[in-house]
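Asker: sharing a sequence plus its predicted fold:
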Amino acid sequence: MIPESLRALVDATTGQRNVEWQGRTLLIINQPWGELAVCHQGAQVLHYQPAGDSPWLWVTATPAALPGSIRGGIPLCWPWFADEYPAGETELHGPARKAGWRIDAVDEDEEGVEVHASPETTLHTALTPRVVIFAGRRFLKVELITENNGDAPIKMTAALHTYFAVPDAFACRVTGLAGASYLDKRQDFSRFDQQGELGVRGPLDRIYQSSKIQVLEDGQRRLRIAKQGSDSTVVWHPGDTPPADTSVEDARGFLCVETACTRLDPVWLPPGAQHLLVQHISPLTDDETSNN
Ligand SMILES: O=P(O)(O)OC[C@H]1O[C@H](O)[C@H](O)[C@@H](O)[C@@H]1O
């Protein structure tokens, strides 16, 4: 779900406009195909809702003040994920999610929209990111493109840290991970193999080694999560000890399923090369359902 104050801004939008919310500028689009909100801080998708549906993404009702980032939507963890800090750095998940981004282009037609964004400031000495967000009648896709403009190979990790809106995090299933090896961050990164499909019944923080499609089943909706450029899927829920910007009750309304490159599959980007990290979310089709 999304906060009432954000809901009101989306409802009051026809077409597209920029608005202020929680001290940040948001691009809001409300069209017959659906709704999209992108925060200039972090180029973070905060809201997506296809026509006739409910929000696919969750946003905390009590966001942290600036310069903190907003918990919810699709934060960009870049150019490192979690605590894979390069020497001398300490910012968990990297600087991209707190930075200001500019919207370079908004390309709309009757089927949806394509939003291009790039950082307002230099975030890395050699790596340059940009983001393209595609939203349509039945899908949301985020592409995070990284280019190495330096003269040496650089190691990076990253994540599209998606907070899915769910009726109850502890009644969800994430299929497509059966048999995958994972690191359990709650058990000192010990390695295990996933036995059967994952049923979320309590707090968890796992890095799965998987490039496969996952399906999030929340009892009401089945969302297919496809990806490119990612061999890690992070599944995270803090249980009854959520971060300070979120209440325990509110936290039961999200489950993070993250498309990532982590310590399991860091990217070594040669000079001049690009890396593409993509998360594509869409409803599971009837054909795919019968194949499962
Ligand atoms: O609170 P944040 O900095 O946004 O991080 C939230 C979470 O992100 C990832 O999912 C990590 O695996 C977790 O260990 C971390 O707690």
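Answerer: Ah, there it is. Since this is a predicted model, take the numbers as computed values, not measurements.

Asker: the stretch 51-200 of the chain against the ligand: which residues are in contact?
Answerer: Residues of the stretch 51-200 of the chain lying close to the ligand (Cβ under 6 Å from any ligand atom) are 82, 92, 93, 185. For every residue, glycine as well, the C-beta is placed using N, CA and C.

Asker: what do you get if the cut-off is 5 Å, keeping everything else the same?
Answerer: Contact residues, the stretch 51-200 of the chain versus the ligand (Cβ under 5 Å from any ligand atom): 82, 92.

Asker: for the stretch 51-200 of the chain, give me the ranges with low pLDDT.
Answerer: Applying pLDDT under 70 to the stretch 51-200 of the chain flags no residue at all.

Asker: so where do the helices sit in the stretch 151-292 of the chain?
Answerer: For the stretch 151-292 of the chain, helices defined by DSSP state H, counting those that start in this stretch occupy the ranges 248-251, 286-291.

Asker: who wins for proximity to the ligand among the ones you listed?
Answerer: Minimum separation from the ligand across the helices of the stretch 151-292 of the chain (Cβ to the nearest ligand atom) falls at helix 248-251, 11.2 Å.

Asker: is the closest one positioned near the ligand?
Answerer: No. Residues of helix 248-251 contacting the ligand under Cβ under 5 Å from any ligand atom: none, with a closest distance of 11.2 Å.

Asker: so how far is residue 184 from the nearest residue to residue 89 once chain neighbours are set aside?
Answerer: Nearest residue to residue 89, sequence neighbours excluded (Cβ to Cβ, 6 or more residues apart in numbering): residue 80, at 7.4 Å. Distance of residue 80 to residue 184, computed by Cβ to Cβ, to the nearest Å: 20 Å.

Asker: more neighbours: which of the two?
Answerer: residue 80 (26 against 14; other Cβ atoms under 10 Å).

Asker: report the contact partners of the more buried one.
Answerer: Residue 80 makes contacts with 86, 89, 93, 94, 156, 157, 158, as judged by Cβ atoms under 8 Å, 6 or more residues apart in numbering.

Asker: burial measure for residue 147, as a count.
Answerer: When neighbours are counted by other Cβ under 10 Å, residue 147 registers 16.

Asker: contacting residues for the residue in the stretch 51-200 of the chain positioned nearest to the ligand?
Answerer: Taking Cβ to the nearest ligand atom, the ligand has its nearest neighbour within the stretch 51-200 of the chain at residue 92, 4.6 Å off. Residue 92 is in contact with 82, 83, counting by Cβ under 8 Å, 6+ apart.
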